[in-house]
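**Student:** for reference, the sequence and a predicted model appear below.
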Amino acid sequence: MSAYDEELLDEEDEEMPLTERELADDAQWKIIQKNTFTRWANEHLKTINKTINELETDLSDGLRLVGLVEVLSGKKFKFVNKRPNFRTQKLENVTMALEFLEKDEGIRIVNIDAGNGKIDVSIMDPSGHRDKIKPTIKPMNKDGVYYVEYTAVQEGLHSINITFSSVAIPHSPYGVQVSPAVNAKAVYATGRGIQPTGVRIKQNATFKVHTKDAGKAEVKIQIIGPGGANINCTCKPSKTEEGVYECLYIPPKVGQYVINITYGGQHITKSPFRVDVGPEKTSKIVAYGPGLEGGVVNQPACFTVETNGETGALGFNIEGPSKAKIDCKDNGDGSADVTYWPTAPGEYAVHIMCDNDNIPQSPYMAQIQPATTAFDASKVTAKGPGLEKDGVVAGKDTNFVVDAKKAGKASLHITCIDENYKAVEVIVVDNRDGTFACKYHPKSPVKHTIIITWGTVGIPKSPFRVYVTVPLKPGNVKVYGPGVEKGVKTWVKTYFTVDCKSAGPGDVAIALTDNNGKDVPCNTIDNKDGTFTVEYEPRTPGKYTVAVFFAGQEIPKSPIKVTVESSIDLSKVTVKGLETQEGCTFRYHNHDAIW
């Protein structure tokens, strides 16, 4: 190689570092420009108590840039992301400020940094190929701004190499991790924890994020509470549902909460959610029934509300994919049976309110399934002593039968609760002929409610209300008093007492007959203390029979025989002047005889 060639190569080596040095981040002219702009910006920003320390990072969220533009223009932006935690929110702020300068103020944004040259982009895929991805490069304006677009066909790390005038720009190459195709708008959230109203402080607020068929990406939850506080939220994959994440948070303060849910960095459908959290509340009102958990389109969804003595105006509101007709039946005992008819599948929020305020667990979230012809709950019947209003005794098994022969195929579900809302076990035996034998054992003499569903839909007449009584003990009934003892006289009112205090609740019936088997009128008085007084007045002497019935059963001591004596003592009656002469009169004289 000649000395001239060597000198030429040395000159080229010297020129290349010079070009790179001019484009480097620490180029002297860049540092001067940056310091000058920073001082100028801070002179204006100090009027709003803001400063810029690092030009490259402090403007990235757009807040200081928006503040500077507002100071310079004397105008205020209506909508600003004041707490931009997500990249999209930061870009919105920056874009809004730049668009205001260009469109409203007529200021052109130009690139004065690089000068003239050619932009080139090459992309290397995870397999090392540089020629399989062909980016398109389009100038957006005459000011040196370019728009680059490419389509990745493979998952993994891609290397984006950008050069200007054949020289790599600062920070190039850029590593881009390409994930599988994600459709964040196919992701949706359900649950009470994202409802606008009903959530209360210190309650577990739960919701689910459904990602099935949306591609693989990361679910991120950000909850911002009153005053901008970040609220902790747990988010775990469901153990039973594919593609579902179960989320939980506990709001500590009253106020509005903003729930941002993103999938692969993008907001899911309807995100962000705004939840107005209310104060703690206690209530005696209780709601239960299948319509609070689920149902089927075009079939009735039923539930019951019991006030338990609490006063106030009850109200109901159903929110969901469709409007639902609501019927309310007042049972006249402080309870109401409510039925609604959903016409579209999906999640429904069932609001139960007292004086326009949700009761503590409201809204209830009901999952309504699509319409089906596979079953018809209205064709299921249930009958038997265990469903009758009266006659069931505490401490004894009772039973009933469910007949679903004409109702199609579905699952049977039976719930039994006592008046304290404690569950009572119901044993169900499938008879394999479309009928089911059911048995339960009530322990307490209180009202029991039996709810029967077929395919999550309540059957006719459900819920059944059964008033369980204590076991009856007719043998403990006592009968005493002058009316069943010696000394009963004709034409003299008498009485006796029937004591049922230790026999249980039940009515008393008396059958009283005279010596000839004829009924003798009697009057039975309920003393309201478990005893009854029975009054009667015998008219003829002889043997009377007193039959005593308790709760429809004759007591063991019945019948009771009572001897009724005549009120006249014939031994003390004398007759005088009784001759056989015509025109004679006679008279009698009663010595101490009772007439």
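**Tutor:** Received, thanks. Numbers count the residues shown, from 1 in each chain.

**Student:** what segments of the stretch 101-250 of the chain are strands?
**Tutor:** Using DSSP state E, counting those that start in this stretch, the strands of the stretch 101-250 of the chain run over 119-124, 136-139, 146-149, 156-164, 167-168, 174-178, 188-190, 205-210, 219-224, 230-231, 234-237, 244-249.

**Student:** residue 393: which of those is closest?
**Tutor:** In terms of C-beta to C-beta, the element of these nearest to residue 393 is strand 205-210, at 41.7 Å. Where you see a C-beta, it was placed from the backbone N, CA and C, and this is true even at glycine.

**Student:** just checking: what are the partner strands of the closest one?
**Tutor:** Strand 205-210 pairs in its sheet with strand 188-190 (antiparallel), strand 244-249 (antiparallel), by DSSP bridges.

**Student:** ranking the strands of the stretch 101-250 of the chain by burial, who's on top?
**Tutor:** strand 205-210 (a mean of 22; mean count of other C-beta atoms under 10 Å).

**Student:** what about that strand, distance to the chain center?
**Tutor:** 12 Å (C-alpha atoms, centre = their mean, to the nearest Å).

**Student:** now do the same contact list for the closest residue to residue 237 other than its chain neighbours.
**Tutor:** In space, residue 237 comes closest to residue 245 once its chain neighbours are excluded; the distance is 5.8 Å by C-beta to C-beta, 6 or more residues apart in numbering. Contact analysis of residue 245 by C-beta atoms under 8 Å, 6 or more residues apart in numbering lists 208-209, 211, 219, 235-238.

**Student:** measure residue 132 to residue 158 for me?
**Tutor:** Distance, residue 132 to residue 158, using C-beta to C-beta, to the nearest Å: 11 Å.

**Student:** spit out the residues that contact the two alike.
**Tutor:** residue 125.

**Student:** what's the neighbour count on residue 304?
**Tutor:** Neighbour count of residue 304, defined by other C-beta atoms under 10 Å: 21.

**Student:** that one sits in which helix or strand?
**Tutor:** strand 301-306 (DSSP states H and E).

**Student:** each with direction, which strands does the next helix or strand along the chain from that strand pair with?
**Tutor:** With elements assigned by DSSP H and E, the helix or strand that comes after strand 301-306 is strand 314-319. Sheet pairing of strand 314-319 (DSSP bridges) gives strand 346-354 (antiparallel).

**Student:** how about the partner strand: buried residues?
**Tutor:** The neighbour-count check on strand 346-354 (16 or more other C-beta atoms under 10 Å) flags 346-354 as buried.

**Student:** could you dump these to CSV with distance to residue 505?
**Tutor:** Shown next, in CSV, are the buried residues of strand 346-354 (distance: C-beta to C-beta, whole Å):
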residue, distance to residue 505
346, 49
347, 46
348, 43
349, 43
350, 38
351, 40
352, 34
353, 38
354, 34
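
**Student:** just put these in TSV and tack on pLDDT and distance to residue 327.
**Tutor:** Below are the buried residues of strand 346-354 laid out as TSV (pLDDT from 0 to 100; distance: C-beta to C-beta, whole Å):
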residue	pLDDT	distance to residue 327
346	94	21
347	96	21
348	96	16
349	96	18
350	97	14
351	96	16
352	96	15
353	94	17
354	94	19
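
**Student:** just those now: which is nearest residue 72?
**Tutor:** Taking C-beta to C-beta as the measure, residue 72 lies nearest residue 349 of the buried residues of strand 346-354, at 47.6 Å.
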